[in-house]
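Trainee: Below is the sequence, then the predicted model.
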Amino acid sequence: MTLETSTTGILIIIALMALVTLATRWGGVFIMSFVRINPRIESFINTMASSVLIAIIVPMAFSGDAGAIAALATTTVIMLATRRVLPAIGAGIAAAALIRFLVG
Amino acid sequence: MTDNVYSYRFQPTRVRAEFFRLLPISLFVVAFGAAFGLAAVQQGLEPLQALLMSTVVFAGASQFAAVDMWGPQVSLVPMMAVVFAINSRHLLMGASLYPMLRDMSPGRRYALLLLLTDANWAVSAQQYQSGRRNLEVILGGGLALWLAWVLGTSLGVYFGGLLQDPHSLGLDMVLGCFLLAMALGGNKTPRTLVAWVVAGVASMMAWYWLPPNTHVVVGALAGGAIGFFWLEPRRVAEPEPEGDRS
């Protein structure tokens, strides 16, 4: 099904995108409201939550350029050493910029 | 069960504090918003249409992907499938907040979820791991991020990209570094580390062999399976006292 990108068409596309995105924001919580939370489900939820972050970051590192890898590696080192978020992110970004300046 | 007693009460001072906590990363979101606004007008959207999209969709990666598929005609089903796939991580993110959200009336619960996005969720999820309940960051931090996204988009559509080359400054890595810092700041038990390895391997396998944009959900569910089968006694999260900041 195709839609002309006329003014009306674009408004329909934006509305559909908003609805699809809203369904993802609401859907997980809606489904969970039918699930009885027991320790096993709680354990699943907690492990899954931190795994979301890993599942975003690992492919980002493997598919990224040297700058991306430098950024993530630097953030890891600074975060583990200092446990402070903003210095870790700042150092990571600076590392990416430096590597891209040197290599790019 | 406490399902009929909605015990979660927002503390206005904490909502404000969380707004300011996410203000630094919101500045970077402005830059991404500007990049999106520029991309959108280059693909033929009117400025107001791009602004409307950012305001009501509020999901950057999927908006970039949709605008990428733009043309005189748009195939609706593939585009919505891409939008859904990229945003399907919200399903898991929302579900992970449910133990806190169930202490809130359904009206507030679903209204709050309008502001759910990666950065504010990462803060809330990380604090929940360490036993603190923080939904204020979804509201306060989410507002900061949403305003930044809309503001950035408006700058992009009217003034073009703010920065000549955000990539050369490393700015495309802000969100990745932020999420990584959140993951590393959470508590690390042997179980978590095993789950991370499984999640990382599964997401890479999905990245190579499964349809695009499925890797986050596949990896997260694989990691979650470790938690499902490997139980560990943990304390129940208590409401965070006033002023207790990490």
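Mentor: Arrived safely. Numbers count the residues shown, from 1 in each chain, chains lettered A, B, ... in the order given.

Trainee: where do the strands sit along chain A?
Mentor: A:2-4 (DSSP state E).

Trainee: where do the helices sit along it?
Mentor: A:7-32, A:39-63, A:66-82, A:85-103 (DSSP state H).

Trainee: Surely B:Ser203 is within a strand?
Mentor: No. Per DSSP: H, G, I helix; E, B strand; the rest coil, B:Ser203 lies outside any strand segment and is helix.

Trainee: List the residues that contact it.
Mentor: Residues counted as contacts of B:Ser203 (C-beta atoms under 8 Å, 6 or more residues apart in numbering or on different chains) are A:54-56, A:58-59, B:215-216, B:218-220, B:222. Every C-beta, even on glycine, is put in place using the N, C-alpha and C of the backbone.

Trainee: related to what we said a few turns ago, go through the helices of chain A and name the closest to B:Val56.
Mentor: Proximity to B:Val56 (C-beta to C-beta) singles out helix A:7-32 among those, at 4.2 Å.

Trainee: Taking helix A:39-63 as reference, get the angle to that closest one.
Mentor: 140 degrees (axes from the mean of the first three to the mean of the last three C-alpha atoms, to 10 degrees).

Trainee: what's helix A:7-32 packed up against?
Mentor: On a contact count with 3 or more C-beta pairs under 8 Å, 6 or more residues apart in numbering or on different chains; DSSP states H and E, helix A:7-32 meets strand A:2-4, helix B:47-57, helix B:60-68, helix B:76-87, helix B:89-101, helix B:106-113.

Trainee: any weak-confidence spans in chain B?
Mentor: For chain B, the stretches with pLDDT under 70 are B:1-4, B:161-162, B:233-246.

Trainee: quick one: the helices in chain B?
Mentor: For chain B, applying DSSP H gives helices covering B:12-21, B:23-42, B:47-57, B:60-68, B:76-87, B:89-101, B:106-113, B:118-129, B:136, B:142-159, B:174-185, B:190-209, B:215-229.

Trainee: Give me whichever of those helices is most buried.
Mentor: Mean neighbours per residue, mean count of other C-beta atoms under 10 Å in any protein chain shown, is largest over the helices of chain B for helix B:136, with a mean of 26.

Trainee: tell me, what residue is most central in chain A?
Mentor: Geometric centre of chain A, nearest residue: A:Ile56, 5.1 Å, by C-alpha atoms, centre = their mean.

Trainee: confidence score at that one?
Mentor: What the model reports for A:Ile56 is a pLDDT of 95.

Trainee: That one is in contact with B:Leu179, isn't it?
Mentor: Yes. A:Ile56 lies in contact with B:Leu179 (C-beta atoms under 8 Å); the separation is 5.9 Å.

Trainee: which residues are common contacts for these two?
Mentor: B:Asp118.

Trainee: and the gap between the residue nearest to the centre of chain A and B:Leu175?
Mentor: Distance of A:Ile56 to B:Leu175, given as C-beta to C-beta, to the nearest Å: 9 Å.

Trainee: Give me the common contacts of the two.
Mentor: In contact with both A:Ile56 and B:Leu175: B:Asp118, using C-beta under 8 Å, 6+ apart.

Trainee: For the residue lying closest to B:Ser96 once chain neighbours are set aside, give me its contacts.
Mentor: Computed as C-beta to C-beta, 6 or more residues apart in numbering or on different chains, the closest residue to B:Ser96 that is not its neighbour in sequence is A:Ala49, at 3.8 Å. Contact analysis of A:Ala49 by C-beta under 8 Å, 6+ apart lists B:92-93, B:96, B:125, B:128-129, B:220.

Trainee: rerun at 10 Å
Mentor: B:92-93, B:95-97, B:121-122, B:124-126, B:128-129, B:183, B:186, B:220, B:223-224, B:227 (C-beta atoms under 10 Å, 6 or more residues apart in numbering or on different chains).

Trainee: cool, B:Leu175 as well?
Mentor: Contacts of B:Leu175 by C-beta under 10 Å, 6+ apart are A:56-57, A:60, A:89, B:25, B:28-29, B:32, B:60-61, B:117-119, B:122.

Trainee: Could you measure from the closest residue to B:Ser7 other than its chain neighbours over to B:Thr13?
Mentor: Ranked by C-beta to C-beta, 6+ apart and with sequence neighbours excluded, the top spatial neighbour of B:Ser7 is B:Asp103, at 4.8 Å. With distances taken as C-beta to C-beta, B:Asp103 is found 19 Å from B:Thr13.

Trainee: Convert stretch B:70-82 to CSV, retaining C-alpha atoms only.
Mentor: Taking C-alpha atoms only, stretch B:70-82 is exported to CSV below (Å, rounded to 0.1, in the frame of the first residue of the first chain):
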residue,chain,number,x,y,z
TRP,B,70,10.7,9.3,1.9
GLY,B,71,9.8,10.0,-1.7
PRO,B,72,6.9,11.2,-3.9
GLN,B,73,5.2,8.0,-2.8
VAL,B,74,5.7,6.1,0.4
SER,B,75,5.0,2.4,1.0
LEU,B,76,3.2,2.4,4.2
VAL,B,77,3.7,-1.2,5.4
PRO,B,78,7.5,-1.4,5.0
MET,B,79,7.8,2.0,6.6
MET,B,80,5.6,1.2,9.6
ALA,B,81,7.4,-2.2,10.0
VAL,B,82,10.8,-0.4,10.2
